[in-house]
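Asks: with the input below, show me the fold.
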Amino acid sequence: MTYFLPPQECPACGKYLDCASGFNCDGKPRPGDVTVCFGCGAILEFQKGLKFRLVPDAEANTTEDLEDARKARAKVLAMIRAEAGE
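Replies: Below is the predicted model of the structure:
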């Protein structure tokens, strides 16, 4: 399900994001839920007020709860590479 957000910048790449689709939730994101930036593949965690927090790679790569986010990031990065002709 896609939820529309007030536009905000990805803290990693600056791309404006105005919606999020959950891969392990349904409906409106809540603080603690995660999403992936379609501009750069960064894993982002929703904070209070649905503001994004960049999840550092060290945390993203070692936290078991983020396995779905890592899989989604891999797919997004593959799409970014394909669009760039890599």
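Asks: so where do the strands sit in the chain?
Replies: 2-9, 16-21, 34-36, 43-46, 52-54 (DSSP state E).
Asks: what pairs with the first one, and is each one parallel or antiparallel?
Replies: Partner strands and pairing direction for strand 2-9 (DSSP bridges) are strand 16-21 (antiparallel).
Asks: please state the offset of the partner strand from the chain centre?
Replies: Centroid separation between strand 16-21 and its chain, computed with CA atoms, centre = their mean, to the nearest Å, is 9 Å.
Asks: what pLDDT, on average, does stretch 57-64 get?
Replies: The pLDDT scores in stretch 57-64 average 88.
Asks: longest helix in this structure, by residue count?
Replies: Taking DSSP state H as the criterion, the chain has its longest helix at helix 67-83.
Asks: for residue 84, see how far away the closest residue to residue 35 other than its chain neighbours is.
Replies: Leaving out its chain neighbours, the residue that sits closest to residue 35 by CB to CB, 6 or more residues apart in numbering is residue 20, at 4.4 Å. To be clear about C-beta, it is placed using only N, CA and C from the backbone, and glycine gets the same treatment. In this view, residue 20 and residue 84 are 23 Å apart by CB to CB, to the nearest Å.
Asks: neighbour-wise, which of these two wins?
Replies: residue 20 (23 against 7; other CB atoms under 10 Å).
Asks: so that one sits against residue 3, correct?
Replies: Yes - contact criterion CB atoms under 8 Å: residue 20 and residue 3 qualify, at 5.5 Å.
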